[in-house]
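> okay, predicted coordinates and the sequence, questions at the end:
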Amino acid sequence: MKNVLVLCTGNSCRSQIAEGYLRFFAGDQAEIYSAGIETHGINPRAIEIMKRDGIDISDHTSNNVNEYTNIDFDFVITVCDNAKESCPYFQTNAVKLHYNFPDPAKAKGSEEEIMEQFREVREMIRKYAQNFANENLKH
C-alpha cells in the first residue's frame, strides 16, 4: 500500500479537495493524507463543491505537516507554490510532485461567481487526481 501526502499552505481547500479525489480514485491502493504548512480549518465552500460531485469531505480534519513526520511517504504532492517553497525537509525517498492550482479561497464576486471558481479548481484537481491514481497507484 502506497502512502500519499497532499501538501498546501493551510490545508483548507485545494489539499482537501485533492485528498477527497485521491481517496476516491485510489480506492484501497493507497493511504491518502493531506496537510498544510499551517492549519486554517476546512473551507465550507470546499465541502459544498465536493458534495455537488458526490464526495463527502465534511469529516476531514485540517492537519499540520509536522503531524506526519513519522510516516514514510511514497509520494508528496504540493498543490501550491507556497507549500512547495515552504515544505519542511522530510527524511523520505518520496517522489515529489508539484502543481500550482489557483486558490479558490481568494475568489471575489457574488456567491455564485465564487462557487464557479471553486468548481473550476475542483475540476482541475479531479483530473489531476485521476491521472495521478491511474499512473501511480493502479497495479
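That came through fine.

> ok, residue 113 - contacts?
By Cβ atoms under 8 Å, 6 or more residues apart in numbering, the residues touching residue 113 are residue 107. Just so you know, the C-beta spots here come from the backbone N, C-alpha and C atoms, and that holds for glycine as well.

> residue 46 versus that one, what's the distance?
As judged by Cβ to Cβ, to the nearest Å, residue 113 and residue 46 stand 16 Å apart.

> residue furthest from the geometric center of the protein?
residue 110 (25.2 Å; Cα atoms, centre = their mean).

> next one: phi and psi at that one?
Main-chain dihedrals, residue 110, degrees, to the nearest 10: phi -70, psi 170.

> same question for residue 77.
The phi/psi pair for residue 77 (degrees, to the nearest 10) reads phi -110, psi 120.

> could you measure from it over to residue 4?
In this view, residue 77 and residue 4 are 7 Å apart by Cβ to Cβ.

> how about residue 94?
Distance, residue 94 to residue 4, by Cβ to Cβ: 9 Å.

> my guess is residue 136 contacts residue 75. True?
Yes: using Cβ atoms under 8 Å, residue 136 makes contact with residue 75 at a distance of 6.6 Å.

> those two: which is more packed in?
Each of residue 136 and residue 75 has its neighbours counted (other Cβ atoms under 10 Å); residue 75 has more, 20 against 17.

> find residues that contact each of residue 136 and residue 75.
2, 95.

> residue 33 belongs to a strand, doesn't it?
Yes: assessed with DSSP: H, G, I helix; E, B strand; the rest coil, residue 33 lies in a strand.

> give me the nearest residue to residue 51, chain neighbours excluded.
With Cβ to Cβ, 6 or more residues apart in numbering as the criterion, residue 51 has its nearest non-adjacent residue at 7.6 Å, and that residue is residue 58.

> what of residue 95?
The shortest distance from residue 95 to any non-neighbouring residue, by Cβ to Cβ, 6+ apart, is to residue 75 (5.1 Å).

> what distance do you get for the one you found to residue 26?
From residue 75 over to residue 26 (counting by Cβ to Cβ), the distance is 11 Å.
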